Structures are given as C-alpha cells and as structure tokens.
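# Following is a predicted model, sequence given first.
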Amino acid sequence: MPDVLFLELNSSYSHSMLSYGMLRAFTEQYAPEWRWHKIEFTVKNADTAIFEDKISELKPEVICATVYLFNRVTVLNLLKSARRAAPRARIVLGGPEFLGDNRQFLEHNPGINAVIRGDESGFYRYLQHDEVVEGCFDGELDELPSPHQRGYVDPSKPFWQIETSRGCPGRCRFCTSSLSRNVKFYSISRIRADLEALRGYGFQDIRVLDRTFNTNPKRAVELLKLFREEFPEMRFHLEIEPAGLTECFLSELAKAPKNKLHVEAGIQSLDPDVLQACRRFADSDKVLTGLRGLLKCGNFELHVDLIAGLPEQTMKSLIEDVKTVIALCPQEIQLEKLKILPGTPLCGCPDIKHNPEPPYEVISTASIKPAEMRDAMLLSLLLDNFYNARQLHSAFIFGFKKHPELLHKLLNYLSEHEPLFASGKPALESRFGIMRKLLLPDSPSSQVLRFAGLCAGIFSTGACRRLCHDSIPTEAELLWSKPVETEPKRFFKAEFSGNAGQCWLQPCQKWESGRYVYYFKLHYGRFPSEILMFKQ
C-alpha cells in the first residue's frame with residue numbers, strides 16, 4: 001500500500017488540527033488503498049532530525065500539510081529537509097494560506113509539487129491522478145464522513161474542536177469566510193453522534209468552530225438545549241453575533257449551568273463608517289443591545305474582540321470603541337491588529353500597508369499612521385495586562401468608571417515604559433503598583449484597588465490572627481466565599497472609608513461612604529477563602 005504522511009504543526013501542545021481527520025476520513029472513501037500516517041510538532045519544538053527519521057522509515061509517496069499564518073515558516077523549513085530525505089516524494093499543501101493566487105508561491109518554492117485550495121474533497125484526486133482540483137463539496141454536510149466517529153482524534157488533548165456548520169452569511173472584507181458561497185449545516189442527529197463519540201474518548205471541553213453559532217437562531221436554540229440536556233458534563237466555546245440575538249436564544253443561553261459556556265463576540269468595531277467600509281453590515285445599537293443581553297445572563301464568561309487597523313478607522317474611534325466596551329464590563333476584551341489574509345477582498349488595497357510575510361499585520365492605513373498603530377498595540381497590551389487580569393479586573397473597571405482618564409494615564413505609562421512590557425507581562429505586584437501610582441491616594445478607586453490587592457495576596461495583610469469566632473462580630477455579613485476542603489485557620493481585618501468590598505465584587509456598584517470593616521478568612525497562605533463585612 002502507498003503511504004501518505006500528514007505533517008501537523010500546531011501553535012501549542014493543547015491545540016490540534018481538525019483538518020487531518022477530515023482529510024483522511026473523506027479520502028479513504030475514494031482512495032482506500034492509501035495508508036495514512038501523521039507526525040505532530042508544535043511551532044516551538046519542531047525537530048528536523050525526527051521528521052527526517054520518520055520519512056526515512058516510511059518512505060511515503062506523498063507528504064502533505066495544512067498551512068496557517070502561524071506555522072507557515074516552520075512548515076516550509078521542515079519540508080526542505082523532507083525533500084532531502086525523500087527526493088521523489090510528492091509534497092502537497094493546503095489550508096487558509098492558499099486561498100489566493102498561489103503561482104508566485106510555487107515559483108519561489110520549487111520543492112512543493114502542488115497546492116490545493118478549498119475543502120477536503122479535492123485531495124483524493126491528487127493522490128489517484130496527480131490532478132489538482134479545488135475542493136468544493138456540493139452535497140449535504142451529513143454526507144461527509146465523521147473523523148470523530150472514525151476515531152481520528154487524540155484523547156490526550158485537553159479540548160477538541162467540532163464544526164456544526166460551514167460558511168458565513170457575512171461578507172466582511174478582512175475575513176476568509178467572505179469567500180464562502182453560502183452556509184451549510186450538519187443535522188442535529190449528526191452533531192449528537194459526533195459528541196457521543198468525543199464523550200467516549202473522555203473530552204469535556206469542546207470548541208465549536210462555526211464562524212457564527214447563531215446564524216440560524218432556531219437551530220442554535222436546539223443545539224444549546226442538546227448541550228445542556230444530553231451532554232451536561234461538557235463545556236462549549238461558542239462564537240456569537242450579538243446583533244443577531246433573539247429572545248428565545250438569550251432565554252436558552254440563560255438556562256445553561258454556570259460555566260457551561262464560554263461565549264466570544266467578535267464585534268471588531270462599533271464605528272458605522274468602519275463597519276460599512278468593511279462590508280460588515282451590523283447595526284452598532286443592536287450590537288450593544290446584544291452584548292448587554294449576553295452579560296445579563298450572568299452564567300458564562302463573555303470575551304469581546306476588537307480589531308485595530310480597519311479601513312476608515314482612526315485612533316480616536318478605536319479608543320472610543322474600547323471605552324464603550326469597557327463600560328459594559330465583559331470578562332475579557334481582546335484587541336488585535338488587522339491581518340491582510342491571502343485571498344480576502346482587502347488584499348491589494350492601496351490604502352493599507354501591511355507586512356507581506358506572516359502574520360500579515362497592518363502597518364498603516366489612510367487614517368492611521370504607523371506611530372498610531374504602535375499606540376494601538378500598547379492599548380492591546382494595556383487591556384491584556386490590566387483589564388483581563390482577573391485580580392485587577394474589578395479595580396480597573398471601577399477606577400475607569402470613576403475616572404475615565406485612567407485609560408489615557410495607563411496608555412501614557414506604557415508608552416514611557418514600553419521595555420517593561422516587551423518581554424511579557426510584568427509581575428502582578430508590579431502592575432498593582434503601577435495602578436496605585438496613577439490613582440489618587442485614599443480615593444474610592446484607590447481603596448477598591450487596595451481591597452483587590454488584599455484578595456490577591458499582593459498588599460501586606462499585617463498580623464494575621466488565629467481564627468476565633470468571638471473576634472468577629474456576629475452581625476458581620478458574608479460578602480464572598482469559595483469552596484475549600486479545609487476550614488479557615490486565620491483571619492485579618494482591614495478598614496475602609498466606603499464599601500470597597502462590594503465595589504470589588506461588583507465594579508458597577510455605587511460607592512457608599514462610611515466605616516466598613518472586612519474580615520478576610522484564610523485557609524492557605526495569604527489568599528482569602530471567605531470575606532465578611534461589618535459596617536460600623
């Protein structure tokens with residue numbers, strides 16, 4: 001039997017490529033004579049010697065790989081060694097990197113025999129007839145063989161990916177999904193069978209790859225009900241379009257057990273001119289209403305995505321978008337540079353300058369100068385280091401609501417101390433210290449920051465007393481607790497001139513002046529397992 005070797009190169013060990021199983025499952029129907037093998041690396045641990053040994057052992061007739069912007073350079077370097085080890089093997093590539101015109105790529109990489117665009121349905125023809133045909137499956141998605149049910153999964157991975165649909169109704173100029181002709185859906189019964197198969201392998205974390213999970217709201221409600229009732233032990237990561245939410249869908253979302261779902265909302269921009277220039281036909285008011293509806297559910301974390309460098313966007317409008325989203329208080333905000341991906345409608349746009357090599361990030365646009373793009377990335381670092389840090393999250397939001405200029409103060413600080421953030425996140429203690437410098441001493445914001453620091457074990461707690469219930473007023477109310485296996489052994493108390501604890505717990509809470517005493521019960525180290533409050 002002839003052998004085909006699939007090179008899988010992931011961004012990290014925890015990730016996997018669904019393309020291997022899909023490609024293999026489909027090809028085996030039409031070219032069952034081929035024997036499949038896979039070798040897997042991460043970008044950081046790719047080993048040329050191991051790869052060459054594998055090739056020498058198998059002597060495959062075909063070597064193939066799926067190429068993304070994050071692995072392109074490493075894949076090509078590995079395949080140069082593959083050509084030395086197997087000079088007669090055919091090397092064929094596919095994936096998102098090849099959605100555009102690939103003639104120049106093939107001219108510059110003569111060691112690559114072919115590049116195939118599209119889905120998994122074209123590869124078998126290359127194996128059988130050396131024929132390059134774009135993969136474009138025209139049938140119903142249920143007709144595609146399931147890689148999950150065939151066992152083409154890796155149970156050692158912490159999570160697995162599935163798709164319940166293909167395509168996207170949107171036509172965003174920056175997105176590869178804008179190239180899809182229409183949206184197709186797997187049936188509920190097929191999705192149920194796939195999840196049953198993954199359950200059998202022990203997977204509990206599932207990432208749904210659909211571009212927009214709620215494209216068909218009625219069907220999305222059915223899936224949420226399926227997830228909740230038939231797969232209670234599984235957690236699901238979903239991408240949702242907030243402008244397209246319905247009351248029924250929100251109602252079903254709210255029924256999910258706490259932390260059953262992780263929801264991502266890619267709003268990208270709230271500026272109407274930017275949205276129109278991107279052909280992203282979403283109404284900003286509906287987006288904001290949808291985000292508020294998602295946050296009102298309260299039983300899952302909401303991750304909101306924004307993009308810097310979009311057509312017609314200015315630094316001013318980007319900052320306004322960030323401020324608007326911060327005011328809503330989602331659990332995470334991610335800001336990334338626009339990438340001009342191969343084959344997308346923005347390729348070749350004369351008003352946008354971008355790096356021609358992966359990751360194709362925008363350098364400048366007609367409305368954003370290179371220096372402003374640098375500031376946009378400092379804003380991204382700011383969100384990641386302060387807003388998205390769980391221990392700082394509430395204090396940041398409360399401080400921002402009290403003093404909106406805090407965002408600009410932090411941005412200026414990052415600009416002046418950029419090397420501090422260049423090699424990764426500074427220590428949490430350093431970030432607390434930075435915020436403390438920028439807030440007025442003894443102000444409500446500074447006190448909430450102090451409370452957050454005590455909870456994070458950052459600020460000194462002073463002397464900790466052995467737990468004696470007589471030392472804590474019986475009138476003290478429970479403010480916060482977390483499940484622990486052992487009873488707290490010690491406690492310390494801290495006084496504030498306002499309800500700092502309530503504002504730490506809910507950063508949208510109104511500040512109330514008064515003498516508040518908080519009792520922090522400890523069961524391990526400096527971290528509280530229970531906090532009591534007594535107003536004197």
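Arrived safely, thanks for sending.
# quick one, strands of the stretch 51-200 of the chain?
Under the criterion DSSP state E, counting those that start in this stretch, the stretch 51-200 of the chain carries strands at the ranges 62-66, 90-94, 114-116, 160-162, 165-166, 184-185.
# Just give the strands next to the third one in its sheet, each with its orientation.
Taking DSSP bridges as the criterion, strand 114-116 forms sheet pairs with strand 90-94 (parallel).
# Restrict the partner strand to CA atoms and write it as PDB.
Backbone C-alpha positions of strand 90-94 (Å, rounded to 0.1, in the frame of the first residue of the first chain) are rendered in PDB as follows:
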ATOM      1  CA  ARG A  90       5.200  14.400  -3.800                       C
ATOM      2  CA  ILE A  91       4.700  17.300  -1.400                       C
ATOM      3  CA  VAL A  92       1.300  19.000  -1.400                       C
ATOM      4  CA  LEU A  93      -0.100  21.800   0.800                       C
ATOM      5  CA  GLY A  94      -3.500  23.200   1.600                       C
END
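# With distance to residue 79 added, can I get the strands of the stretch 51-200 of the chain in TSV?
Using the backbone N, CA and C atoms, a C-beta is placed for each residue, glycine as well. Listed next are those as TSV, based on distance: least, C-beta to C-beta, whole Å:
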stretch	distance to residue 79
strand 62-66	7
strand 90-94	6
strand 114-116	12
strand 160-162	25
strand 165-166	28
strand 184-185	32
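# Dump the ones you listed to CSV, plus distance to residue 216 and mean pLDDT.
Converted to CSV, those look like this (distance: least, C-beta to C-beta, whole Å; pLDDT from 0 to 100):
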stretch, distance to residue 216, mean pLDDT
strand 62-66, 28, 97
strand 90-94, 28, 97
strand 114-116, 30, 96
strand 160-162, 17, 98
strand 165-166, 8, 95
strand 184-185, 7, 96
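# How far does the worst-scoring helix or strand of the chain on mean pLDDT sit from its chain's centre?
Sorted by mean pLDDT, DSSP states H and E, the helices and strands of the chain end with strand 465-466, the least confident at a mean of 83. Distance of strand 465-466 from the chain centroid (C-alpha atoms, centre = their mean, to the nearest Å) equals 43 Å.
# Over to stretch 144-156?
23 Å.
# what do you get for stretch 508-515?
Its chain's C-alpha centre and that of stretch 508-515 lie 35 Å apart, by C-alpha atoms, centre = their mean.
# what does the model give residue 283 for pLDDT?
The model reports residue 283 with a pLDDT of 90.
# OK, contacts around it?
residue 243 (C-beta atoms under 8 Å, 6 or more residues apart in numbering).
# tell me the phi and psi of residue 497?
Residue 497 adopts backbone torsions of phi -90, psi 20, taken as degrees, to the nearest 10.
# Ok, residue 24 next?
The phi/psi pair for residue 24 (degrees, to the nearest 10) is phi -70, psi -50.
# pretty sure residue 212 contacts residue 238?
No: the criterion here is C-beta atoms under 8 Å, and residue 212 misses it with residue 238 at 9.5 Å.
# Got the confidence number for residue 459?
86.
# Helix or strand: which one has it?
Residue 459 belongs to no helix or strand when elements are defined using DSSP states H and E.
# Show me this structure divided up by domain.
Following automatic domain parsing, the chain resolves into domains at 3-129, 149-353, 444-535.
# So what's the gap between the last one and the chain middle?
Looking back up the chat, that one is domain 444-535. Mean-position distance between domain 444-535 and its chain equals 33 Å (C-alpha atoms, centre = their mean).
# ok, now the first one?
In terms of C-alpha atoms, centre = their mean, the centre of domain 3-129 is set 26 Å apart from its chain centre.
# Please apply the same query to the second one.
Here the centre of domain 149-353 is set off from its chain's centre by 10 Å, with C-alpha atoms, centre = their mean.
# The residue nearest to residue 69 when sequence neighbours are not counted: how many residues sit nearby?
Once flanking residues are discounted, residue 69 sits nearest to residue 358: 4.1 Å by C-beta to C-beta, 6 or more residues apart in numbering. Applying other C-beta atoms under 10 Å, we find 17 residues neighbouring residue 358.
# Please apply the same query to residue 520.
There are 25 residues near residue 520, going by other C-beta under 10 Å.
# Buried ones in the strand or helix carrying it, by neighbour count?
Taking DSSP H and E as the criterion, residue 520 maps to strand 513-524. Across strand 513-524, burial judged by 16 or more other C-beta atoms under 10 Å covers 516-523.
# in its sheet, what does it sit against?
Counting by DSSP bridges, the strands paired with strand 513-524 are strand 490-498 (antiparallel), strand 527-535 (antiparallel).
# Tell me which helix or strand comes right after the first one.
Counting by DSSP H and E, the element after strand 490-498 in chain order, helix or strand, is helix 500-505.
# rewinding a little: the residue nearest to residue 69 is in contact with residue 74, isn't it?
No: counting by C-beta under 8 Å, residue 358 stays clear of residue 74, with 10.3 Å between them.
# Identify the bridge partners of residue 353.
With DSSP bridges applied, residue 353 shows beta-bridge pairing to residue 364.
# shouldn't it be in contact with residue 360?
No: the pair residue 353 and residue 360 does not pass the contact test of C-beta under 8 Å, sitting 11.2 Å apart.
# Pick the most deeply packed of the strands of the stretch 51-200 of the chain.
strand 62-66 (a mean of 24; mean count of other C-beta atoms under 10 Å).
# Dump it to CSV, restricted to CA.
Extracted as CSV, the C-alpha positions of strand 62-66 are listed here (Å, rounded to 0.1, in the frame of the first residue of the first chain):
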residue,chain,number,x,y,z
VAL,A,62,3.1,11.8,-0.6
ILE,A,63,3.8,14.3,2.2
CYS,A,64,1.0,16.9,3.0
ALA,A,65,0.4,19.6,5.5
THR,A,66,-2.2,22.3,6.4
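# which SS state does residue 257 fall under?
Using DSSP: H, G, I helix; E, B strand; the rest coil, the structure places residue 257 in coil.
# what's it sitting at in phi/psi?
Torsion angles at residue 257 (phi, psi; degrees, to the nearest 10) stand at phi -60, psi 150.
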